[in-house]
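Trainee: I need the structure of the sequence given here:
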Amino acid sequence: MAKMLTFFKESYIEITQKVTWPTWGQLQNSAIVVLVASLIIALLVLLMDKASSGVLELLYGISS
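Mentor: All right, here's what the predicted structure looks like:
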């Protein structure tokens, strides 16, 4: 039990005193980068899906 208590105390000290937290501006910039990258990847997946769908429709001859 003493080891667990020591672990929690050391974890608290590390989180409060040793960890460098990002500023609000850095956090917003990172969120925007993730959002833009996610949109680009989603668009690429959509384009690949449409392209493969078109190829398969031509291959099977079931175009509408």
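
Trainee: any idea how far residue 51 is from residue 45?
Mentor: Distance from residue 51 to residue 45, counting by C-beta to C-beta, to the nearest Å: 11 Å. Every residue, glycine included, has its C-beta placed from N, CA and C.

Trainee: joint contacts of those two?
Mentor: Residues touching both residue 51 and residue 45 by C-beta atoms under 8 Å, 6 or more residues apart in numbering: none at all.

Trainee: tell me the mean pLDDT for stretch 27-45?
Mentor: In this model, stretch 27-45 has a mean pLDDT of 98.

Trainee: Please identify the helix or strand for residue 25.
Mentor: Per DSSP states H and E, residue 25 falls inside helix 24-60.

Trainee: now that helix, how far from the centre of its chain.
Mentor: Its chain's C-alpha centre and that of helix 24-60 lie 13 Å apart, by C-alpha atoms, centre = their mean, to the nearest Å.

Trainee: Counting by contacts, list what that helix packs against.
Mentor: Judged by 3 or more C-beta pairs under 8 Å, 6 or more residues apart in numbering; DSSP states H and E, helix 24-60 is in contact with no other helix or strand.

Trainee: So which bits of that helix are buried?
Mentor: Across helix 24-60, burial judged by 16 or more other C-beta atoms under 10 Å covers no residue at all.

Trainee: Make 9 the starting number, not 1.
Mentor: With the count now opening at 9, the last piece we talked about shows up as helix 32-68.
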